[in-house]
Every structure is written in C-alpha cells, then in structure tokens.
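Student: when you get a sec, could you give me coordinates for this:
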Amino acid sequence: MPNEPVKACIVCGAIVPSGEGYKCKLHRKESEQGRYASRKGDPVEKLYNAQWRKLKNFLLMQGNVMCQRIVNGQQCDRLGEIWHHLVSPRLDPTRMYAPKNLVHVCRDHHSDVLQDDPSLYVPTKLGILGDSQSE
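Tutor: Numbers count the residues shown, from 1 in each chain. Predicted coordinates for the structure are as follows:
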C-alpha cells in the first residue's frame, strides 16, 4: 500500500518492509527458534516495549534513515539498521528513550560498548525541520 509509514524492527531497529510484521527477517527467525528465552528475566529487555517502537518510528520519520557513523570525515553511506544507545540503558536506564542518546547505524558500525563517543556520529535529527541535536 503506498504511503504506508516506515516500520522498524522492535529488536534492532532495522527497516522492516511493509506487511512483514514488526521484526526483521533475522529476528523473526531467531524468535521462532526461541533464542530470546534467556533474556526474559533481564530488566533492560523489558524497556524494549511499545514506547521504544514508537520512538524508533518517530526518529525514522524525522529523516534518520542513514547510518550516522562518521568515517574518514564523512557520514557512512549505508542505511541504518540498528538504533544504538550512546550511553547504554545498562549504565543509565533513564536515557533509554532519550532521542539525543540514540544514533542509527548499519550493522558494521554497531558497537557493544556501554558508553560511546557522540563525536563519532552525525547528530540525530529531531523536529519537523530536521534540526539536529546532540549531547
């Protein structure tokens, strides 16, 4: 259907084609295989909820579709697939839904560090005019 809103995978933030549910192919497959069973008791995992999905979709609608990582002085030219927290919710759960704490990255530029350097990324666009804000 034309003009359908862009959706993001509820697990990693990857763009999900229209009509394919709320998970990317990888996470649909893993979910079906029960690989997330060990995460059920994790308090941080519980934060990835409807509020998280709405925030990711809002940020996509602001134009944050490309990887925001800066490589050799230029923004990466690949599509973002994962929403990365600059400060992990494991360190500070209060920043879980803070738009300025999130950057969209491709798989190659996703990092597992608990606190990342914001200067390594193009600031996330916020607001209807595409204003950028960073911490």
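
Student: going by C-alpha atoms from here, please, whenever you check contacts or count neighbours.
Tutor: Will do.

Student: taking the centroid of this structure, which residue is nearest it?
Tutor: Nearest residue to the geometric centre of the chain (C-alpha atoms, centre = their mean): Trp83, 1.6 Å.

Student: roughly how far apart are Val113 and Ser88?
Tutor: Distance from Val113 to Ser88, counting by C-alpha to C-alpha, to the nearest Å: 8 Å.

Student: compare the two (neighbour count), which wins?
Tutor: Ser88 (20 against 12; other C-alpha atoms under 10 Å).

Student: wait, the more buried one touches Gln115, no?
Tutor: Yes: contact criterion C-alpha atoms under 8 Å: Ser88 and Gln115 qualify, at 6.1 Å.

Student: can you check the distance spanned by stretch 106-124, start to finish?
Tutor: This stretch, stretch 106-124, spans 14 Å end to end (C-alpha to C-alpha).

Student: report the buried residues of it.
Tutor: For stretch 106-124, the buried set under the neighbour-count rule, 16 or more other C-alpha atoms under 10 Å, comprises Cys106, His109, His110, Asp116, Pro118, Tyr121, Val122, Pro123, Thr124.

Student: so where do the strands sit in the protein?
Tutor: Counting by DSSP state E, the segments of the chain that form strands are 7-8, 15-16, 70-71, 74-75, 82-85, 102-105, 124-126, 131-133.

Student: just checking, Leu59 touches Gly127?
Tutor: No: contact criterion C-alpha under 8 Å: Leu59 and Gly127 do not qualify, at 9.1 Å.

Student: compare those two (neighbour count), which wins?
Tutor: Each of Leu59 and Gly127 has its neighbours counted (other C-alpha under 10 Å); Leu59 has more, 20 against 13.

Student: now that one: how far from Arg53?
Tutor: The gap separating Leu59 from Arg53 is 10 Å, by C-alpha to C-alpha.

Student: same deal with Ala14?
Tutor: To Arg53, Ala14 is 11 Å away according to C-alpha to C-alpha.

Student: repeat that for Cys9.
Tutor: Taking C-alpha to C-alpha as the measure, Cys9 falls 8 Å from Arg53.

Student: look at those two and report which has more neighbours.
Tutor: Set Cys9 next to Arg53 and count neighbours by other C-alpha under 10 Å: Cys9 wins out with 25 against 17.
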